Structure formats: structure tokens, C-alpha cells
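Novice: could you work out the structure for the sequence below:
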Amino acid sequence: MGVAGGGAAKHVPVNRVLQEYLLASMTPPDAVMTSLVSATEALGEVAGMMVPIEQAGLLTLLGRICNARTVVDLGTFTGLSALALARALAPGGRVITCDNSDRWLGVARAHWDQAGVSDRIDFRLGPAARTLRTLPAAGVDIVFVDADKLNYPTYYDLAVPLLRRGGLLLLDNVLLDGFVTAPHLAAEPLQRRCAAVMREVNAAVAADERLEAVMLPLADGLTVAIRR
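Specialist: From the prediction side, this is the model:
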């Protein structure tokens with residue numbers, strides 16, 4: 001059974017032409033952001049882990065709207081999301097970003113330095129859950145989750161109590177390449193498991209009385225939830 005009114009809603013498929021128009025109609029990324037995107041794309045197939053440039057713009061916008069001072073970024077990769085969030089910080093703010101690998105940290109730090117935000121970014125090597133467990137309750141403005149999908153339930157459970165009232169939980173890849181509605185259709189066993197886990201997390205977020213959430217069809221899906 002669908003959400004009331006859902007069948008009558010207008011949804012425009014985003015093809016390549018519309019995608020280019022969308023990008024041309026946003027505030028353009030500066031030279032540092034463009035350089036980081038290019039450096040990441042040059043890495044090859046792993047570049048698929050990078051957040052889209054329009055999503056990076058949204059992260060900065062959301063950070064500024066909520067006057068963020070403490071932000072947690074789960075999944076550093078080449079540092080694009082950390083860069084976008086660091087630029088949104090209120091004076092004295094910081095982004096705590098973590099990753100299980102520091103393989104691409106050199107790329108990230110070079111661009112953080114160029115953007116003049118290195119002093120606002122605290123990189124932590126190791127499991128994201130460990131970083132979350134070190135933080136005080138109700139003291140975080142934004143938690144952005146873009147890490148390993150099988151552990152999303154753990155990240156969700158740990159992140160919500162960390163958020164202050166009015167703080168934001170941002171969950172990336174919530175559509176899981178479209179397989180979230182039918183995990184069994186995914187070809188790879190790991191993708192099937194990830195889609196099933198994401199489906200459970202999405203349902204939990206929607207039912208969580210501590211949150212008010214909306215799921216956006218941006219890239220691979222982004223949930224924006226505010227702590228009540």
C-alpha cells in the first residue's frame with residue numbers, strides 16, 4: 001500500500017541532458033572542488049564512492065542552514081564530503097571524518113589545504129562505530145553516513161542519540177541502485193544483503209518518533225532527517 005497521494009505525484013526522470021542542466025543551474029563549484037572531483041575520477045572505478053558534486057553542494061547548504069559547529073562524516077574516501085561540510089561550519093567548528101582506510105588521505109589533505117579548511121577537519125582512521133562511541137550525546141549538529149552499507153543499522157542506532165534537537169541525520173545511498181524495493185533482484189549476493197539492510201534501515205527511520213525524515217531521489221537516494 002503506497003503513501004496517500006503518491007501515485008498522483010509528478011516525478012521527472014533525470015536523463016543526461018537534465019543532469020547537465022541541473023549542474024548548470026546550481027552555484028558552480030570552485031577550483032578546489034573541481035580539482036578534487038577530477039583527481040577522484042582519475043582513480044578509476046573506485047571513484048563511484050564519491051558523492052556527486054550536486055550532493056556536495058547540498059551538504060554545504062544544509063550545514064549553513066543549521067549553523068553547524070560539530071559535524072561527523074562517516075566515510076572519508078578522497079575528502080569531498082568533508083570539504084563540503086567544513087566550508088559550512090560556524091566559527092570554531094570542526095568536521096570529524098573517519099574511514100577504515102587512509103589510502104586516499106593524501107588526495108584529501110592536499111585539497112583541504114588548498115581550500116584552507118585543514119584546521120577544521122579531524123581525520124580518524126578506524127571503524128566508524130568506534131568514532132561515534134567517543135562522542136557526547138546531544139552534542140552533534142550533523143551526522144552524514146556514507147560508509148559500509150551492512151553497518152548502517154549500527155551507525156543509525158549510534159548516531160541519533162548524538163544529535164542535538166534540530167540536528168540532522170543524513171543517510172546516503174538509501175535507494176541502493178534501485179534494489180531497495182526488491183533486494184532479491186540484485187545480481188550479486190553482497191548487493192542483495194546491502195539492499196535488504198538498507199530497506200530495514202529506511203523503514204526504521206520512517207517509523208522513528210525521534211526524527212522527522214524525508215527521502216530525496218538525489219543520485220542514489222539521500223535521507224534527510226531532523227532530530228525532534
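Novice: what segments of the protein are helices?
Specialist: 16-24, 31-41, 53-65, 80-86, 105-115, 128-133, 152-159, 189-207 (DSSP state H).
Novice: and the angle for the one helix or strand in the chain whose mean pLDDT sits lowest with helix 53-65?
Specialist: Every helix and strand in the chain was compared by mean pLDDT, DSSP states H and E; the lowest is helix 16-24, with a mean of 94. Counting by axes from the mean of the first three to the mean of the last three C-alpha atoms, to 10 degrees, helix 16-24 lies at 30 degrees to helix 53-65.
Novice: which intervals of the protein have sub-threshold pLDDT?
Specialist: The model of the chain has pLDDT under 70 over residues 1-9.
Novice: longest strand in it, please.
Specialist: With secondary structure taken from DSSP state E, the chain has its longest strand at strand 163-172.
Novice: roughly how far out does it sit from the chain middle?
Specialist: On the basis of C-alpha atoms, centre = their mean, to the nearest Å, strand 163-172 sits 11 Å off its chain's mean C-alpha point.
Novice: kindly report the same for stretch 217-224.
Specialist: 9 Å.
Novice: what of stretch 151-159?
Specialist: Distance, centroid of stretch 151-159 to centroid of chain: 13 Å (C-alpha atoms, centre = their mean).
Novice: could you list the buried residues of it?
Specialist: 151, 152, 154, 155, 156, 158, 159 (16 or more other C-beta atoms under 10 Å). Just so you know, the C-beta spots here come from the backbone N, C-alpha and C atoms, and that holds for glycine as well.
Novice: outside of that stretch, which residues touch it?
Specialist: Defining contact as C-beta atoms under 8 Å, 6 or more residues apart in numbering, one finds that stretch 151-159 is touched by 72, 74, 128-129, 132-133, 140, 143, 145, 147, 169, 171, 197-198, 200-201, 204-205.
Novice: again, only this time at 10 Å
Specialist: For stretch 151-159, the external contacting residues (C-beta atoms under 10 Å, 6 or more residues apart in numbering) are 72, 74-75, 127-133, 135, 140, 142-149, 167, 169-174, 194, 197-198, 200-202, 204-205, 208, 211, 223, 225, 227.
Novice: likewise for stretch 41-53?
Specialist: With C-beta under 10 Å, 6+ apart, stretch 41-53 has contacts from 19, 22-23, 26, 28-29, 33-34, 36-40, 56-59, 75, 77-81, 84, 103-104, 107, 144, 146-147, 172-173, 218-220, 222.
Novice: from those residues, keep the buried residues only.
Specialist: Buried among the contacts of stretch 41-53 (16+ other C-beta under 10 Å): 29, 33, 36-37, 39-40, 56-59, 75, 77-81, 84, 104, 107, 144, 146-147, 172-173, 218-220, 222.
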